[in-house]
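Engineer: Sequence and predicted structure below; questions after.
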2 protein chains.
Amino acid sequence: MAKKKETKKPDIKKTIIALDAMGGDHAPEEIVKGGIAAAQDDELEVVLVGQEDRLEEELVKCGYAGDRISIVDASEVIEMGDSPVWAIKNKRDSSIVVGIDLLKSKEVSAFVSAGNTGAVVTAATLTLGKKKGVSRPALGAVFPFPAGPILCLDIGANAECKPEMLVQFAHMGSIYMEKIFQIERPRIALLSNGEEESKGSPLVQKVHKLLKKAKINFIGNAEGRDLSRGIADVLVTDGFTGNVLLKMGEGLGEMLLNSLWEAVDGNPKLNEAANVLGPVLHSVIGTLDYTEYGGAVLLGVDGIVVVAHGRSNAKAIENAVLKAKRVMEFGAVEAIRG
Amino acid sequence: MAKKKETKKPDIKKTIIALDAMGGDHAPEEIVKGGIAAAQDDELEVVLVGQEDRLEEELVKCGYAGDRISIVDASEVIEMGDSPVWAIKNKRDSSIVVGIDLLKSKEVSAFVSAGNTGAVVTAATLTLGKKKGVSRPALGAVFPFPAGPILCLDIGANAECKPEMLVQFAHMGSIYMEKIFQIERPRIALLSNGEEESKGSPLVQKVHKLLKKAKINFIGNAEGRDLSRGIADVLVTDGFTGNVLLKMGEGLGEMLLNSLWEAVDGNPKLNEAANVLGPVLHSVIGTLDYTEYGGAVLLGVDGIVVVAHGRSNAKAIENAVLKAKRVMEFGAVEAIRG
């Protein structure tokens, strides 16, 4: 078992969220900063999980003197390249295993990590257990498009999916959007390469038939172009396609902004216009990048787990922690069962 | 057999391209306009295939008085919702069947259609035949990103793929990019949900192993975010994922422009900046939308077939015809064999 050493006693009346301080490309610096920013919320306490000495050092560097951050020691670090199952078995004192254990023992209300996604999903599934009727948990990310928010799932927990799994994703997605966004009978769409029932991979064709019989508001297939059009509240897909889609959005946002700056370079009039428009452009193009607004929620496990992107900066981590709090307040994870 | 009636004799010395005048959401008006625009190219002749009376009417409406457009009559129209195999069998005098027949009999050098993609693919495969070693043709679309053009295939001909098919796509893509863009040993990437060989759906994992042994410049897996980063010349994927990806790009471009105009609405300063920047923004965001620059080439059949998007306007059709000419000139389709 992981040894736990609490350096400060968290106030039990507040929402306590465990934050994997060692996970992600910019750990622990940006994670600690993000945790501090999130803890500006009066109702929140953040437990940093990771190598105590380093984390104490980071807190000092940041000049943090408050009492809403505590540290739970975890000496090991699961690397991005580690095999999830191997890592969970062999790095029992890692920040991911220790953090999930804190959630299991109800010492914290949620766990947030920007570390190895597979390891987080595996540890959560094995330790917290799955909700009744769920064969595999799914990662759901909400895109806040102007036409309306849309939850995409699975965006990466399961590269291989059976038809029944996608039906479960649809059910979980429906409950999530109902709870978090107070949407009555959320519209569920199935991602395909055409609207007609006959379109799609063999998997999608089978799922379409099953969803038609499911007790949810299934509106049929949606295409890639429908993602941002506000026609559905939930977009169901397998974790392979969902992950490709999600990451394409990230890359495109970056590419568009770079191209734009290149295009206006050397033309003072265009450059000035781009500068004036800069913040608007960033916010519009930012909707493509889920990393900017809080990561993905692991649906189907018995506990609140939020997976932030590996390259999360402090702002993304802050958003992920606040998202975990919101998910808790709205009881979305509790409401899910098979 | 389809009855063919040529109203004007095409000059055989030029490149003659058959254009499906009845296919697409804006047929025949926009198709005819696009054909006329493409025929501004001195080296081109366009054969409009479709209902002769309507097409003659359209030519008159457009005030076309040149001699580089001719009409080949085809009385039937394959609708977007028609089942491809059924349509090819039962609508023998449709613009798609007649157009492909013109290509088969070498009366034209290429066929361009914005009609029912499945019907075009099926007719081309059955009538023209497949290249040696190709089990299924694939649709390839080139994105002209600032970091470099990238050919994605398959983007929609095969929703279900076997590992061997993706390996063939990789070979065809390599030859295409070598010929069209004069790239030596094009870099071939496999679309996956992670860079590591162990990542991916079962299909992708199998394909990865096969590509490592193939005689092409395979650089490994690429993620969705890599699409626009210039790291590869060819991105190989199954037709389901490719289609989803492609259509997501379309939708996002539209969404971004709409959001931008909404965001600046009511703020004169921002509005002015957006107006100044408008053309640049459109061109930058336009790179997401393959419909703007000429549709997809059907690789693996014995003939040049370009599939334009169903919602193609005149400009998109013009680009598709010019793309067909370019493919012919560079001998990319001829060079492909298994």
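Structural biologist: Alright, I've got the coordinates. Numbers count the residues shown, from 1 in each chain, chains lettered A, B, ... in the order given.
Engineer: Please count neighbours and contacts with C-alpha atoms only from this point.
Structural biologist: OK.
Engineer: Where do the strands of the stretch 201-338 of chain A begin and end?
Structural biologist: A:217-222, A:234-236, A:296-299, A:304-307 (DSSP state E, counting those that start in this stretch).
Engineer: any chance of those strands in a markdown table, with mean pLDDT, distance to chain B and mean neighbour count too?
Structural biologist: Shown next, in a markdown table, are the strands of the stretch 201-338 of chain A (pLDDT from 0 to 100; distance: least, CA to the nearest CA, whole Å; neighbours: other CA atoms under 10 Å in any protein chain shown):
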| stretch | mean pLDDT | distance to chain B | mean neighbour count |
| --- | --- | --- | --- |
| strand A:217-222 | 97 | 10 | 20 |
| strand A:234-236 | 98 | 12 | 30 |
| strand A:296-299 | 96 | 16 | 28 |
| strand A:304-307 | 96 | 16 | 29 |
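Engineer: what's the closest of the ones you listed to A:V32?
Structural biologist: A:V32 lies closest to strand A:304-307 among the strands of the stretch 201-338 of chain A, at 15.9 Å (CA to CA).
Engineer: near chain B, which residues of the stretch 201-338 of chain A show up?
Structural biologist: A:201-202, A:223-229, A:240-241, A:243-252, A:255-256, A:259-260, A:263-264, A:269-270, A:272-274, A:276-277, A:280-281, A:284-285 (CA under 8 Å from any CA of the partner chain).
Engineer: let's go with 6 Å and repeat that
Structural biologist: Contact residues, the stretch 201-338 of chain A versus chain B (CA under 6 Å from any CA of the partner chain): A:201, A:224-225, A:240, A:243-244, A:247-248, A:250-251, A:273.
Engineer: Inside helices: which ones of those residues?
Structural biologist: Mapping these onto helices (DSSP state H) picks out A:240, A:243-244, A:247-248, A:250-251, A:273.
Engineer: Make a PyMOL selection of the buried ones in the residues you listed.
Structural biologist: Buried subset of those, written as a PyMOL selection, criterion 16 or more other CA atoms under 10 Å in any protein chain shown:
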select buried, chain A and resi 240+243+244+247+248+250+251+273
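Engineer: Skip the chain neighbours and tell me the closest residue to the residue in the stretch 1-150 of chain A that chain B sits nearest to.
Structural biologist: In the stretch 1-150 of chain A, the residue that lies nearest chain B is A:P146 (6.7 Å; CA to the nearest CA). Leaving aside its sequence neighbours, A:P146 sits nearest to B:S259 (CA to CA, 6 or more residues apart in numbering or on different chains; 6.7 Å).
Engineer: returning to what we had before: do you know which of the strands of the stretch 201-338 of chain A lies nearest B:L59?
Structural biologist: If we rank these by CA to CA, the stretch that ends up nearest is strand A:217-222, at 37.1 Å.
Engineer: how would you label A:L102: helix, strand or coil?
Structural biologist: helix (DSSP: H, G, I helix; E, B strand; the rest coil).
Engineer: From A:I17, how far out is it?
Structural biologist: From A:L102 over to A:I17 the distance is 10 Å, taken as CA to CA, to the nearest Å.
Engineer: Common neighbours of the two, please.
Structural biologist: The contact sets of A:L102 and A:I17 overlap at A:V108 (CA atoms under 6 Å, 6 or more residues apart in numbering or on different chains).
Engineer: With distance to B:K89 added, can I get the strands of the stretch 201-338 of chain A in a markdown table?
Structural biologist: As requested, those are arranged in a markdown table below (distance: least, CA to CA, whole Å):
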| stretch | distance to B:K89 |
| --- | --- |
| strand A:217-222 | 27 |
| strand A:234-236 | 35 |
| strand A:296-299 | 47 |
| strand A:304-307 | 51 |
